[in-house]
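In: missing the sequence, but the structure's below:
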């Protein structure tokens, strides 16, 4: 497996498949690149897809130190540097969407088109999941079942029993999971969102309560040159369960940026 070296010397494992313009796919909190496995083929048929394992996950190094969404963004830039890529499209979901915001803000010259999925600008100005839901997720007995229900509809799960790739990296050390949670919770990009210059597509499931769907409009109102698509009936993992809808929406938007 190839590695990039971050600014602080941490090794970031990454994966590349497909051919064409580069497209970076960013996973959610406490997940590694396998988050994208069920739908990666949708994108690698037309793009050179690039994923990475966040620090603390997968094959990447797992330092026990402060993590942040701007810091994760710098890790993504390190991967682009390792591949010799001057720029790429970026599609980030959940915490990956928070990281993608910082790539767009701090590295506008490295970004072609931006897709933000099921994400938010942070707790100060965004809509957060309820305290009741937070308590349920923290419950060691119920947490796993609750998370699955937040990701997928019962109807879909009935015919797709898993395993599901979006429920977290099971091999993460506990300290790394805690570091990821704090990094995502402390994300706050509100003041800088108007600085985003890349054409932006915002995708969200209409039934998402993990990252409430109202966040889509908050982002759209704040980011210039953006548009929103709400995927009816979808929960947090809209990109997986509803990939026959979400995939074409994303691919159509990216194709607008083809030379």
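Out: Happy to help now that I have it. Treat the numbers as computed from the prediction; the structure is a model and nothing was measured.

In: Which residue ranges of the stretch 51-200 of the chain form strands?
Out: Assigned by DSSP state E, counting those that start in this stretch, the strands in the stretch 51-200 of the chain fall at 88-93, 111-117, 200-205.

In: So what are the sheet partners of the first one and their directions?
Out: Read that as strand 88-93. Here strand 88-93 has these sheet partners by DSSP bridges: strand 22-26 (parallel), strand 111-117 (parallel).

In: So residue 49: helix, strand or coil?
Out: Put simply, residue 49 is strand when judged by DSSP: H, G, I helix; E, B strand; the rest coil.

In: doesn't residue 43 make contact with it?
Out: Yes - Residue 49 is in contact with residue 43 according to C-beta atoms under 8 Å; the separation is 5.0 Å. The C-beta positions use only the backbone N, C-alpha and C, and glycine is treated the same way.

In: More neighbours: which of these two?
Out: Of the pair residue 49 and residue 43, residue 49 is the one with more neighbours under other C-beta atoms under 10 Å, namely 26 against 22.

In: Could you report the pLDDT at that one?
Out: The model reports residue 49 with a pLDDT of 98.

In: Same check on residue 10?
Out: Residue 10 is assigned a pLDDT of 98 by the prediction.

In: For it, list the residues it contacts.
Out: By C-beta atoms under 8 Å, 6 or more residues apart in numbering, the residues touching residue 10 are 55, 60, 61, 63, 75.

In: Could you identify the most distant pair in these?
Out: Every pair in the contacts of residue 10 was compared (C-beta to C-beta); the two farthest apart turn out to be 63 and 75, at 11.6 Å.

In: Nearest to residue 103, out of the strands paired with strand 88-93?
Out: Here strand 111-117 is closest among the strands paired with strand 88-93 (C-beta to C-beta), at 5.8 Å.

In: between that closest one and strand 200-205, what angle do the directions make?
Out: Strand 111-117 runs at 20 degrees relative to strand 200-205, counting by axes from the mean of the first three to the mean of the last three C-alpha atoms, to 10 degrees.

In: pLDDT (mean, whole number) over strand 111-117?
Out: Summarised as a single mean, pLDDT over strand 111-117 is 98.

In: That one: how far from the chain's middle?
Out: Distance of strand 111-117 from its chain centroid, counting by C-alpha atoms, centre = their mean, to the nearest Å, is 11 Å.

In: hey, what's in contact with both of residue 63 and residue 75?
Out: 10, 55.

In: Mind checking which of those two has more residues around it?
Out: A side-by-side neighbour count of residue 63 and residue 75, using other C-beta under 10 Å, places residue 75 first with 24 against 16.
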